[in-house]
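Novice: Test case, fold it:
(chains A and B)
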Amino acid sequence: MLFFLSFVVFLVGLYCVMTRKNLLKIVMGIVIMEYAVNFFLVLLGYRMGGVAPIVTKGMENAKFVDPLPQAMVLTAIVISIATLAFLVAICVRIYQKYNTFDITEIRKLKG
Amino acid sequence: MWQIYALAFLMIAGSLVAVHTKYLLSAVISLAVVGLGLCVVFLYLQAPDCAITQIVVEVIALIILIRATGVERDLLEIKGRREVFALVTVILFIIVFAVFAFSALTHLPEFGYPVMRVAEEYVVKGLRETGAANLVTAVLLDFRAYDTLGEATVLFTAILGSIIVLREIGRKKK
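Specialist: Residues are numbered from 1 along each chain as shown, chains lettered A, B, ... in the order given. Here you go, the predicted structure:
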């Protein structure tokens, strides 16, 4: 059930990317999709009744959740901020050149 | 467990508001609702490292997006005539995509009972072989250190690209 909810968030992001006309809205749709994928991956690694994978004294044999998706998601989060900065930089440049965020206007004008 | 469900519905609501609101600045704030909700979900899913990273990244993303939205620029969303054909095509595509993805999601292992074939080894040997008490750090910096090196490369490249796109020096004046 929770997998489906995370997928619904992904679909909302996809809808945003495909229907909006504002460049910044498209960037926001991409960010929503990134959040949904991170949510899904951490859900995959959760173990019923598990504890965070940090070994402390007396907890050596506790039931830990899966540390592998968490490490990968950590990488993905940091990369997503870098790609967001790059996307926004391109958007700001386009705005300075065309004075609009409207993609239909940008398509019409000569480059 | 019900907290995760509530937060997931909050994330869906926040993303819908972010898609449909009229003002760009409120869309950015709704996006922050999604990100911070995700941060709390990570805490409930026993992933404190991800939660810490997510909250830092969310604040930086908020600053970047507010800077891009600007104060003196056009804050309103662009309302144009909407092509009905394109909208119908998009919705049809999303429905087809959702049907196939939902049938794929039912084949996954049940929530709460993951297949831990690789990770079992990390959990058992992690402390002994790497000396790191935090197993996420052990995976990130020891078992899969090349992955982190690649991440640093991607970060460097993206920042280099942003600087090159945004710089003023050397640009032809018209």
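Novice: Helices along chain B, start to end?
Specialist: Here chain B has its helices, by DSSP state H, at B:2-20, B:24-44, B:48-69, B:84-105, B:117-130, B:135-138, B:145-166.
Novice: if we look at the third one, which residues are touching it?
Specialist: For helix B:48-69, the surrounding residues in contact (CB atoms under 8 Å, 6 or more residues apart in numbering or on different chains) are A:24, A:27-28, A:31, A:38, A:42, A:52, A:54, A:70, A:73-74, A:77-78, A:80-81, A:84-85, A:88, A:91-92, B:24-25, B:28, B:31-32, B:35-36, B:38-40, B:42-43, B:75, B:134, B:136-137. (C-beta placed from N, C-alpha, C; glycine too.)
Novice: Just the buried ones from these?
Specialist: The neighbour-count test (16 or more other CB atoms under 10 Å in any protein chain shown) applied to the contacts of helix B:48-69 identifies A:24, A:27-28, A:31, A:38, A:42, A:52, A:54, A:70, A:73-74, A:77-78, A:80-81, A:84-85, A:88, A:91-92, B:24, B:28, B:31-32, B:35-36, B:38-40, B:42-43, B:134, B:136-137 as buried.
Novice: now the residue positioned nearest the centre of chain B: how far from residue A:54?
Specialist: For chain B, the residue nearest the mean C-alpha position is residue B:35 (7.4 Å; CA atoms, centre = their mean). Going from residue B:35 to residue A:54 by CB to CB, to the nearest Å gives 24 Å.
Novice: thinking again about what came up before, so for residue A:7, which of the helices of chain B sits nearest?
Specialist: helix B:84-105 (6.0 Å; CB to CB).
Novice: which helices and strands sit right next to that closest one?
Specialist: For helix B:84-105, the contact count by 3 or more CB pairs under 8 Å, 6 or more residues apart in numbering or on different chains; DSSP states H and E identifies helix A:2-19 as packing neighbours.
Novice: just checking, what packs against the helix it packs on?
Specialist: helix A:23-44, helix B:2-20, helix B:84-105.
Novice: mind listing what's buried in the least confident helix or strand in chain B by mean pLDDT?
Specialist: Of all helical and strand segments in chain B, the minimum by mean pLDDT, DSSP states H and E falls on helix B:117-130, at a mean of 80. When burial is assessed from 16+ other CB under 10 Å, helix B:117-130 yields the following buried residues: B:119, B:122-123, B:126, B:130.
Novice: give the contact list for the most centrally placed residue in chain A.
Specialist: The residue lying closest to the centre of chain A (CA atoms, centre = their mean) is residue A:34, at 1.5 Å. By CB under 8 Å, 6+ apart, the residues touching residue A:34 are A:76, A:80.
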